[in-house]
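# fold the following, please.
(one chain, ligands or ions: 1)
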Amino acid sequence: MTGKLAVIYFSPTHTSRTTALAVAEGLAELGMEAQDVDLTMAPAREGFALELGEGDVAVVGYPVYAGRVPRVLAEALAGLAGEGAVAVPVAVYGNRDFDDALVEMADILAEAGFAVPAAGAFVGEHSFTRLVGTDRPDAADVEAAVAFGAAVAAKLAAGDLSAAEPRGNRPYTDYQADLPFMPVTTDACTDCGVCAHVCPMGAIDPADVRRVDECCISCCACVKACPEAAKTFEGTPVDGVAHMLQENCVARREPETFL
Ligand SMILES: Cc1cc2nc3c(=O)[nH]c(=O)nc-3n(C[C@H](O)[C@H](O)[C@H](O)COP(=O)(O)O)c2cc1C
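All right, here's what the predicted structure looks like:
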């Protein structure tokens, strides 16, 4: 194929990015020119517009939030037009389940004018706790993602654009991930500002990093990036969910692909 390969992702703690890039690596055998489209930070999402066309391929990587596509990403994707291009949803979830996040993204992309002949769900370390999906995607996950990309390339090279039928339900489960749970800042904070710098919502005041706006989506980018472990959700409802996950969701789950 001669078109563009757009690797589009929203990835506050980087697992979706790693996985989407691995899928794109598998697709590289199509010999397309790759373009990195990082929608993680607010300025990149605001006014986002990208029009693709026949012969182009988009890999769309994103975390599963409460069994759904993160709302901020769904909103940004209103600026994406397919015009007959191919899109491949790549959902990354924290070893609990991806529920309806793949069918929802397949629907968003089909609605935007894409053919969706393949979709995959992969595992990443859970945003809320390092003890669930620890250090994933690991080497085996990356290998599976590259192999998935290669399988998609083979399907496209054969001219087969038949729609994938990912696991999931319609209507989708209710979206319950936009309650404002903000992280707290402990005395270990040195005001280095890394948390404000990595926040995808611009929710942390760079002039006073203890001030976190209610537009926080609990993505945990700040928690995972803080060099002093001074940003935490301990004592908030997010911490309760983390404990539930540590009790019930540690058995290793494997990638699931649909094509
Ligand atoms: C608000 C929120 C809700 C989440 N909901 C789920 C979920 O329903 N199922 C699951 O397995 N993981 C869930 N996760 C975990 C993320 O999907 C997972 O950690 C993913 O790897 C994060 O992607 P990123 O590194 O690209 O940010 C959730 C994470 C957040 C922040």
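# output stretch 132-148 as PDB, nothing but the C-alphas.
Only the C-alpha atoms of stretch 132-148 are listed here, as PDB (Å, rounded to 0.1, in the frame of the first residue of the first chain):
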ATOM      1  CA  VAL A 132      -2.000  -5.400  38.800                       C
ATOM      2  CA  GLY A 133      -0.600  -6.100  35.300                       C
ATOM      3  CA  THR A 134       2.800  -5.200  36.700                       C
ATOM      4  CA  ASP A 135       5.300  -4.000  34.100                       C
ATOM      5  CA  ARG A 136       3.000  -4.800  31.200                       C
ATOM      6  CA  PRO A 137       3.200  -4.600  28.200                       C
ATOM      7  CA  ASP A 138       6.100  -7.000  28.600                       C
ATOM      8  CA  ALA A 139       8.200  -8.600  25.900                       C
ATOM      9  CA  ALA A 140       5.500 -11.200  25.200                       C
ATOM     10  CA  ASP A 141       2.900  -8.500  24.900                       C
ATOM     11  CA  VAL A 142       5.000  -6.500  22.400                       C
ATOM     12  CA  GLU A 143       5.700  -9.600  20.400                       C
ATOM     13  CA  ALA A 144       1.900 -10.400  20.300                       C
ATOM     14  CA  ALA A 145       1.200  -6.800  19.200                       C
ATOM     15  CA  VAL A 146       3.800  -6.900  16.400                       C
ATOM     16  CA  ALA A 147       2.400 -10.300  15.300                       C
ATOM     17  CA  PHE A 148      -1.100  -8.800  15.300                       C
END
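# give me the contact list for it.
If you take Cβ atoms under 8 Å, 6 or more residues apart in numbering as the criterion, stretch 132-148 is touched by 15, 18-19, 22-23, 25-26, 90, 92, 94-96, 118, 120, 122-126, 242, 245-246, 249-250, 254-255, 257, 259. For the C-beta atoms, the positions are set from N, CA and C on the backbone; glycine is no exception.
# what's around Leu52, how many residues?
25 (other Cβ atoms under 10 Å).
# which residues does it contact?
When contacts are counted by Cβ under 8 Å, 6+ apart, Leu52 touches Gly3, Lys4, Ala6, Ala58, Leu80, Ala81, Gly82, Glu83, Ala85, Phe114.
# so which of these is the closest to Arg211?
Closest to Arg211 out of those is Leu80 (33.1 Å), distances taken as Cβ to Cβ.
# next, the closest one: phi, psi?
Here is the backbone geometry of Leu80 (degrees, to the nearest 10): phi -110, psi 130.
# so who does it touch?
By Cβ under 8 Å, 6+ apart, the neighbours of Leu80 are Ile8, Phe48, Ala49, Leu50, Leu52, Ala58, Leu109, Ala112.
# nearest residue to the fifth one in space, ignoring adjacent ones along the chain?
Right, the one you point to is Leu52. Ala85 (3.8 Å; Cβ to Cβ, 6 or more residues apart in numbering).
# is it true that that neighbour touches Val60?
No: counting by Cβ atoms under 8 Å, Ala85 does not reach Val60; the two are 11.4 Å apart.
# neighbour count winner among the two?
When Ala85 and Val60 are compared for neighbours, Val60 comes out ahead with 30 against 23, by other Cβ under 10 Å.
# make sure that one is indeed in a strand.
Yes: counting by DSSP: H, G, I helix; E, B strand; the rest coil, Val60 is found in a strand.
# look up how far the ligand lies from the residue most central in space within the chain.
Closest to where the C-alpha atoms of the chain average out (Cα atoms, centre = their mean) is Tyr62, at 1.5 Å. Counting by Cβ to the nearest ligand atom, to the nearest Å, the separation of Tyr62 from the ligand is 7 Å.
# so what sits opposite that residue in the bridge?
Note on Tyr62: beta-bridge partners Ala91, judged by DSSP bridges.
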